[in-house]
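K.L.:
Starting from these lines, generate the structure:
(chains A and B)
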Amino acid sequence: MKKLRGYTTWLMVLVSLFIAGLVLARTGHLEMVEGAAFKFFGPVQNGFSSLSQWFSNVFQTAQDLRDLRERNRQLTELVNELVVENVRLKEVEAENAILRQLLHYAEANPGQKVEAVEVRARVIGREPNSMLQYIIIGAGSQNGLKAGMPVVTERGLVGRVEEVYENVAKVRLITDVNSSVNAIVQRTRATGIVRGQVGGRLILDYLPQGDDVVSVGDLILTSGLGGGYPRQLIIGQVTKLTQKDYEMFQQAEIRPTVDFDRLEIVLVITNFIPLKMIPESVSPAEKLPESGSATTTK
Amino acid sequence: MIHDEKGVDSIYYVLAPLLIIVGVAQSSFISHIRIAGQHPDLIFAIVISWSLLRGIRQGLLVALIGGIVVDLLSGAPFGVFTVSLIGASVLSHLSAASFFRPPVLLVTIAAVSATFVYYHIGLALLYMGGYRVPWLDAFLYLMLPALPINLGMIFLVFPALRWLHRQTAQEEISW
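P.N.:
The predicted model follows:
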């Protein structure tokens, strides 16, 4: 009972204060008190407001940072995907260009059945020693390759298949010391033999003496003599002549049209078997069909 | 002698895979590197360095593994480079064992003599296998350019293998 009386007293005091404040406010007598209060509380309020704003900013910044990080991660992923895609597209574009050129070669030489073999030199390989000049191509007996088949690119003669395995084959380049190709000077029809030299150079040897047999700039092609290679494959261009009066033959240095250091894709002419490699039981007609289809596979 | 014949087992776990990796690398991307028309021969450098560091027994083992790797990847008849590397390994060991004590000079002499032996054995075997070998051209355009390249490669490879040697053996050659 005593407690209830205490509450009533407080309530009456509060109501009285409220009414008094209301009357003072209406009559304009409270402004001075309010001004004094604001003078004291204003800076504190301002400080609290700034503090709360600062906290709000901190939390907002953290939120923004988290969002930015997420956005950055998404954009980085996107950039990475686009870079990979870009590289892949460029590779496809380069490969397309090479395959288009090879297709032109196949169309221009319908008598030769060719199989395009992708030689990724970085993966497949080259001769690990400087004594010999070989490449390893990523096609073998499974693709119908046999020893002796000529290997070309759209730029000219590369070499000849020497060893064939199930999925790979070793190709002796024409720049190898042991390679020799019967050749013809396109302009004069003079014949000779192109031999590889130590260090990867090419020499056209056994050319008859004479001033107008060969000149610098002449194009050298395969002659087809001896049956080792098909006719009219480009070998290279004459860059230097060596003539000595006391020798029976003259020599010409040749710059090959094929860049052997940058071989990526080569063609293997699969319907050409060198004559010396044809077994006696099989007639040349069976081995060398008149017209072969030009197929280009990767 | 300064060589050590211990730690033969470690070679199987470290050098054999290393030689296979180096052989494949030599056949692929290293083959694009040309210095004076020559490819750097890392396997040769490893074989000679290891022969100098570990002596004849392990040198021959490394030469055998490295030679088989090169022979598998090469167009030459199988065995040519195995025999050549074994010959080079033996000679480098002999030169280390017999004549020169200052290590830098020892490595230099071993590299030069091993290069000549390596090429001569290799070309002789190719010649016996029916290959055409123009000896003068081979000397001028193969062996002579190969000398500084092989020497440089051995001077690059030797410190790395010496570190490996230190991890697996107690005695070493210092230079």
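K.L.:
Give me the spatial nearest neighbour of the residue in chain A that chain B sits nearest to, chain neighbours excluded.
P.N.:
The minimum distance from chain A to chain B, using Cβ to the nearest Cβ, falls at residue A:134 (3.4 Å). The C-beta positions use only the backbone N, C-alpha and C, and glycine is treated the same way. The shortest distance from residue A:134 to any non-neighbouring residue, by Cβ to Cβ, 6 or more residues apart in numbering or on different chains, is to residue B:75 (3.4 Å).
K.L.:
tell me the SS of the one you found?
P.N.:
Using DSSP: H, G, I helix; E, B strand; the rest coil, the secondary structure recorded for residue B:75 is coil.
K.L.:
residues near residue A:166, how many?
P.N.:
Under the neighbour criterion other Cβ atoms under 10 Å in any protein chain shown, residue A:166 is assigned a count of 10.
K.L.:
Tell me how far the residue in chain B sticking out farthest from the centre lies from residue A:72.
P.N.:
Distance to the chain centre peaks in chain B at residue B:130, reaching 25.1 Å (criterion: Cα atoms, centre = their mean). As defined by Cβ to Cβ, to the nearest Å, residue B:130 lies at a distance of 66 Å from residue A:72.
K.L.:
With residue A:136 instead?
P.N.:
Distance check for residue A:136 against residue A:72: by Cβ to Cβ, it reads 45 Å.
K.L.:
Give me the more crowded residue out of those two.
P.N.:
residue A:136 (23 against 11).
K.L.:
mind listing what that one touches?
P.N.:
Counting by Cβ atoms under 8 Å, 6 or more residues apart in numbering or on different chains, residue A:136 makes contact with A:124, A:125, A:126, A:168, A:169, A:170, A:171, B:27, B:73.
K.L.:
Tell me both backbone torsions, phi and psi, for residue 108.
P.N.:
Went with chain A since none was named. In this entry, residue A:108 is assigned phi and psi values of phi -80, psi -20 (degrees, to the nearest 10).
K.L.:
and it, what does it touch?
P.N.:
With contacts defined as Cβ under 8 Å, 6+ apart, residue A:108 is in contact with no residue.
K.L.:
And for residue A:157?
P.N.:
Counting by Cβ under 8 Å, 6+ apart, residue A:157 makes contact with A:150, A:151, A:174, A:181, A:222, A:229, A:233, A:234, A:235, A:258.
K.L.:
and the last one, how many neighbours does it have?
P.N.:
Residue A:258 has 23 neighbours, counted by other Cβ under 10 Å.
K.L.:
Point to the helix or strand of the chain where mean pLDDT is at its lowest.
P.N.:
Answering for chain A, as no chain was given. Among the helical and strand segments of chain A, the one scoring lowest on mean pLDDT, DSSP states H and E is helix A:284-287, with a mean of 39.
K.L.:
which residues touch the residue of chain A closest to chain B?
P.N.:
For residue A:134, the contacting residues are A:126, A:127, A:162, A:170, A:171, A:172, A:173, A:176, B:74, B:75, by Cβ under 8 Å, 6+ apart.
K.L.:
did I read that right, residue A:182 in a helix?
P.N.:
No - Residue A:182: not assigned to a helix; according to three-state DSSP it is strand.
K.L.:
I'd say it and residue A:220 touch.
P.N.:
No - in this structure residue A:182 lies outside contact range of residue A:220 using Cβ atoms under 8 Å: 10.8 Å.
K.L.:
Identify the contacts common to those two.
P.N.:
Counting by Cβ under 8 Å, 6+ apart, the common neighbours of residue A:182 and residue A:220 are residue A:194.
K.L.:
out of these two, which sits in the busier spot?
P.N.:
For the pair residue A:182 and residue A:220, the greater number of neighbours falls to residue A:220 (28 against 18), based on other Cβ under 10 Å.
K.L.:
got a list of what that one touches?
P.N.:
With contact taken as Cβ under 8 Å, 6+ apart, residue A:220 is in contact with A:183-186, A:194, A:204, A:234-238, A:252, A:254.
K.L.:
Name the helix or strand for it, please.
P.N.:
Assignment of secondary structure by DSSP states H and E places residue A:220 within strand A:219-222.
K.L.:
So which elements touch whichever helix or strand comes after that strand?
P.N.:
Tracing the chain past strand A:219-222, the next element assigned as helix or strand by DSSP H and E is strand A:234-242. Packing contacts for strand A:234-242, counted by 3 or more Cβ pairs under 8 Å, 6 or more residues apart in numbering or on different chains; DSSP states H and E, involve strand A:156-164, strand A:180-185, strand A:202-208, strand A:219-222, strand A:249-256.
K.L.:
So out of everything in chain B, what residue is nearest chain A?
P.N.:
Ranking the residues of chain B by distance to chain A (Cβ to the nearest Cβ) places residue B:75 first, at 3.4 Å.
K.L.:
you'd agree that residue is up against residue A:127?
P.N.:
Yes - the pair residue B:75 and residue A:127 qualifies as a contact (Cβ under 8 Å) at a distance of 5.8 Å.
K.L.:
neighbour-wise, which of those two wins?
P.N.:
When neighbours are counted by other Cβ under 10 Å, residue B:75 and residue A:127 differ, and residue A:127 comes out ahead with 25 against 22.
K.L.:
Next step: the contacts of residue A:136 restricted to strands.
P.N.:
Among the contacts of residue A:136, the ones falling in strands (DSSP state E) are A:169, A:170, A:171.
K.L.:
and those residues, which are buried?
P.N.:
A:169, A:170, A:171 (16 or more other Cβ atoms under 10 Å in any protein chain shown).
K.L.:
Which of these scores worst on pLDDT?
P.N.:
In terms of pLDDT, the least confident member of those is residue A:169, at 86.
K.L.:
mind checking how far the most centrally placed residue in chain B is from residue B:64?
P.N.:
To find the centre residue of chain B, average its C-alpha atoms and take the closest one (Cα atoms, centre = their mean): that gives residue B:44, at 2.5 Å. Separation of residue B:44 from residue B:64 (Cβ to Cβ): 14 Å.
K.L.:
any residues in contact with both of these two?
P.N.:
When Cβ under 8 Å, 6+ apart defines a contact, the residues bordering residue B:44 and residue B:64 alike are residue B:85.
K.L.:
rewinding a little: tell me the one among the contacts of residue A:134 nearest to residue B:88.
P.N.:
Ranking the contacts of residue A:134 by separation from residue B:88, with Cβ to Cβ as the measure, puts residue B:74 on top at 15.7 Å.
K.L.:
can you pull the pLDDT of that closest one?
P.N.:
You'll see residue B:74 listed with a pLDDT of 84.
K.L.:
Touching, it and residue B:80? I think so.
P.N.:
Yes - using Cβ under 8 Å, residue B:74 is in contact with residue B:80, at 7.4 Å.
K.L.:
And residue B:37, its phi and psi?
P.N.:
The phi/psi pair for residue B:37 (degrees, to the nearest 10) reads phi 80, psi 0.
K.L.:
Check the secondary structure at the nearest residue to it once chain neighbours are set aside for me.
P.N.:
Spatial nearest neighbour of residue B:37, excluding adjacent residues (Cβ to Cβ, 6+ apart): residue A:199 at 4.6 Å. Three-state assignment for residue A:199 (three-state DSSP): coil.
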